[in-house]
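> how would this look folded up:
(chains A and B)
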Amino acid sequence: MNRPARLSLMLLLALAWLPAMAKTPIFELDIRDHLFHPEEIRIPANTKVKLVVYNRDPTPEEFESYELNREKVIMGGRKANIFIGPLAPGVYPFFGEFNPRTAQGRVVVE
Amino acid sequence: MLLNSVILVLREVLEAAVLVSVLLALAHTVRLRNHWLWYALPLSVVCVFAYSYSLGALTEALDGAGQEVTNASLQGMVFLLILPILFLCTTFPHYGQRRLLAALMTLAVTFAIVRECAEIQIYVQAFAAAGDQAQAVWAGSALGAGIGLSAGVLVYAALRALAPVASRRACLVALGLIGAGMVMQATMLLEQVDWLPYQTPMWDSSRFISEQSFLGELLYAVLGYEATPGALQVALYGGSLLLALGAVAAGWKWRMSREAIA
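As a prediction, the model looks like this:
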């Protein structure tokens, strides 16, 4: 393989790798005994992230946040993906609508 | 649990109740009998159970976007059904096309009830099964449903209290706003699963009207009120209102041309 071809191949590989590098960060969250674990998630400012919420309880729960404009029912023993951001620095509370007194948490953007 | 059940059920019932009330009042202004509602209610119950039983699998479909895409589709369908209802009710204020109008209203109410009430079915079924909470869940749900239905009855009574022409106009305006609100909600759902890009809020009106207040919930049900909407949501809301206005204008023009020929 001559030099220009080698360079082109390296460039193509680099380009193919770029989207993987820029992949959306994933943060995981558990619902257990009608509580969020962890209660607080810290995410970077101005970055879109993917929340993966696992409902470990046998009963359903609804992830809800007025501040994040998000709502999603998660059946018992199932998981759900929720994209949030890019957000400005601040604190964004969320709660479980089916158990709002116990299931409370917050996303801290910094 | 009692208060939580009241709030949760009220939120969901209110939206469906307002749509049903406006459609019932509109049907009355065009002298359409309310038999279409008796088709819509059992159909809705069947669809609510089918939807809620398949929600677990649905949520994980489309790479985790299934629930949002389904809900957004239901809301989009309600809006698409509202457009011909607006057209027909303007074109034929007292006669004609009643079967088509009844079918459109039946489907619009069914889709709206499925979207709003499946969550109630899931909640009640799961938490009423727990012995210590059953009484609070049932009582709270009944109370929430009662308040939501009462609000719907009030909306219906207020629309019926107007003079016939004013009542029809008010119904058409309310229906256009409800449809645009549905589109706005659908936009947010698609944004949640990254099918639409995230939108930075254009303003924050939560200090004046909180989305969690009763007024906020009522405005959400009627206007699709959102305290922190993004540019895309505002644009689609405005576009939907223009389409609704276009449907009424087209119906009016068609009616005028028919009356000129007659």
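> OK, contacts around the residue nearest to B:Gly230 when sequence neighbours are not counted?
Using CB to CB, 6 or more residues apart in numbering or on different chains and skipping the chain neighbours, the partner closest in space to B:Gly230 is B:Gln199 (2.1 Å). Yep, even glycine has a C-beta here, placed from its N, CA and C like the rest. Neighbour list for B:Gln199: B:191, B:229-233 [criterion: CB atoms under 8 Å, 6 or more residues apart in numbering or on different chains].
> let's go with 10 Å and repeat that
A:69, B:187-188, B:191, B:228-235 (CB atoms under 10 Å, 6 or more residues apart in numbering or on different chains).
> and if you look at B:Ser44?
Counting by CB under 10 Å, 6+ apart, the residues that B:Ser44 touches are B:16, B:37, B:106, B:109-114, B:116-118.
> Could you work out the most separated pair of those residues?
The span of the contacts of B:Ser44, defined through CB to CB, is set by B:Leu37 and B:Ala118 at 19.2 Å.
> These two: who's more crowded?
Under the neighbour definition other CB atoms under 10 Å in any protein chain shown, B:Leu37 and B:Ala118 were set side by side, and B:Ala118 has more, 25 against 17.
> any idea which element B:Leu143 lies in?
Using DSSP states H and E, the element containing B:Leu143 is helix B:131-161.
> B:Ala16 now?
Using DSSP H and E, B:Ala16 falls within helix B:2-29.
> Quick check: the residue nearest the centre of chain A vs A:Val107, distance?
In chain A, the centroid-proximal residue (CA atoms, centre = their mean) is A:Leu51; its distance is 1.9 Å. Between A:Leu51 and A:Val107 the distance is 8 Å, computed by CB to CB, to the nearest Å.
> Need the residues touching each of the two.
Contact criterion CB under 10 Å, 6+ apart; residues shared by A:Leu51 and A:Val107: A:27, A:29, A:41, A:43, A:68, A:70, A:84-85, A:94.
> of the contacts of B:Gln199, closest to B:Asn71?
Distances from B:Asn71 to these, taken as CB to CB, are shortest for B:Met188 (10.2 Å).
> Give me the nearest residue to B:Leu10, chain neighbours excluded.
Setting aside the residues directly before and after it, B:Leu10 is nearest to B:Gly144 in space (CB to CB, 6+ apart), at 3.9 Å.
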